[in-house]
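Colleague: coordinates only, sequence not included:
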């Protein structure tokens, strides 16, 4: 058997803007076909070339068998397109990809499931698509159902499942039917924290079993914990592909030698428009609201300030920030609702400014990425961490301690100076 699981040579995918992205076997209504024909005639008569965009271009790589590869990058970088090409869901415009082994994929809710069939029937259908015998599926069936936690709804058509139930069963099937290569696209975006943790554990088990896993995610901690390699995509091309996973995630979060964004983010007026809380300014300031000179000392007090237009007050609104260390480690999240309810800042309609203090003698020397996060608690994101969230940067240098022993960067992620006493 080949030591290479996946090999891509100058792989590219081009889309024409305004055209349907249905696959080779998608069916169109008569009206859709007539409309598409008239558009082509009008385009030819006007002499205007159809607008095109390359989702991927000139992508070449090899993935050794048994590796777990995290694929990261901003929205629109080509991550999902790459997995669709490798899954044979769509054809490449140029180049080729060679797959050595049976592929199981979980690309989005509903992929590979027939909505009219029950959960039980879809388990067997997916196993048959993977080329498995019924006896092989039977031997794993109970484990799949137990993992997905959908026993009560097993004989219900999956079109009646919630998105969470759908994803739980789809992930359980993909992970338990033992393909040699598993492709997973942001499975952790659906489901509660307990199920997300279970998914990570199963993917780790799959990887330790010698199978190859490609894992698209915006969760940098999960990528660092699970993956032996990481691939950073930007604008349809590979920016970096390396076994130094922490280095690749750092390049994604902080830029690879490029000047990072500053300590202030201003909304041009067109971004993150929503009926609840539209952020207009996100900034690191001092206690009086003035910009802090960078780099700032560890013993300097800093404040995170969020100015927004509030259109409608919703009691489920949670707004705050997430702070990441230089290698992508998430240090903490902070929301305005972290304390008891009577201490929450009162938010009314109109212009509102929220502030949160970063204590002095708290952060170590280094560069930090701070993301604005917010949503309607357990309902929806307004700006999602590492996906659509605005970012600012903070640099700490000096002021680490009054002790003569600590005049430089201290070990660890944080550098608090804590009081000691003799008992």
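Modeller: Nice, I can see it. Please read all numbers here as calculations on a predicted model, not as lab measurements.
Colleague: Quick one: mean pLDDT over the helix or strand where residue 201 lies.
Modeller: Element membership for residue 201 (DSSP states H and E) is helix 193-208. For helix 193-208, the mean per-residue pLDDT is 76.
Colleague: Over to stretch 411-423?
Modeller: 87.
Colleague: List the buried residues of that stretch.
Modeller: For stretch 411-423, a neighbour-count test (16 or more other C-beta atoms under 10 Å) marks 415, 417 as buried. Placement of C-beta: from N, CA and C, glycine included.
Colleague: Over to stretch 236-251?
Modeller: Quick answer for stretch 236-251 (16+ other C-beta under 10 Å): 236-241, 245-251.
Colleague: how long is that stretch from one end to the other?
Modeller: 16 Å (C-alpha to C-alpha, to the nearest Å).
Colleague: so how far is that stretch off the chain centroid?
Modeller: Taking the mean of its C-alpha atoms, stretch 236-251 sits 15 Å from the chain's own mean (C-alpha atoms, centre = their mean, to the nearest Å).
Colleague: by contact count, what packs against the helix holding residue 201?
Modeller: helix 163-176, strand 181-185, strand 212-216, helix 220-226 (3 or more C-beta pairs under 8 Å, 6 or more residues apart in numbering; DSSP states H and E).
Colleague: residues contacting residue 61?
Modeller: 6-8, 231, 238, 241 (C-beta atoms under 8 Å, 6 or more residues apart in numbering).
Colleague: hmm, 6 Å instead?
Modeller: Contact analysis of residue 61 by C-beta atoms under 6 Å, 6 or more residues apart in numbering lists 8, 241.
Colleague: all strands of the stretch 201-350 of the chain, in order?
Modeller: Secondary structure of the stretch 201-350 of the chain (DSSP state E, counting those that start in this stretch): strands located at 212-216, 229-234, 237-242, 264-266, 277-285, 302-310, 317-324, 330-335, 350-358.
Colleague: got those as a markdown table, with mean pLDDT columns?
Modeller: Output for the strands of the stretch 201-350 of the chain, formatted as a markdown table (pLDDT from 0 to 100):
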| stretch | mean pLDDT |
| --- | --- |
| strand 212-216 | 90 |
| strand 229-234 | 94 |
| strand 237-242 | 94 |
| strand 264-266 | 92 |
| strand 277-285 | 94 |
| strand 302-310 | 95 |
| strand 317-324 | 94 |
| strand 330-335 | 92 |
| strand 350-358 | 95 |
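Colleague: can you redo those strands as JSON lines with distance to residue 413?
Modeller: Shown next, in JSON lines, are those (distance: least, C-beta to C-beta, whole Å):
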{"stretch": "strand 212-216", "distance to residue 413": "24"}
{"stretch": "strand 229-234", "distance to residue 413": "20"}
{"stretch": "strand 237-242", "distance to residue 413": "22"}
{"stretch": "strand 264-266", "distance to residue 413": "24"}
{"stretch": "strand 277-285", "distance to residue 413": "19"}
{"stretch": "strand 302-310", "distance to residue 413": "17"}
{"stretch": "strand 317-324", "distance to residue 413": "10"}
{"stretch": "strand 330-335", "distance to residue 413": "6"}
{"stretch": "strand 350-358", "distance to residue 413": "14"}
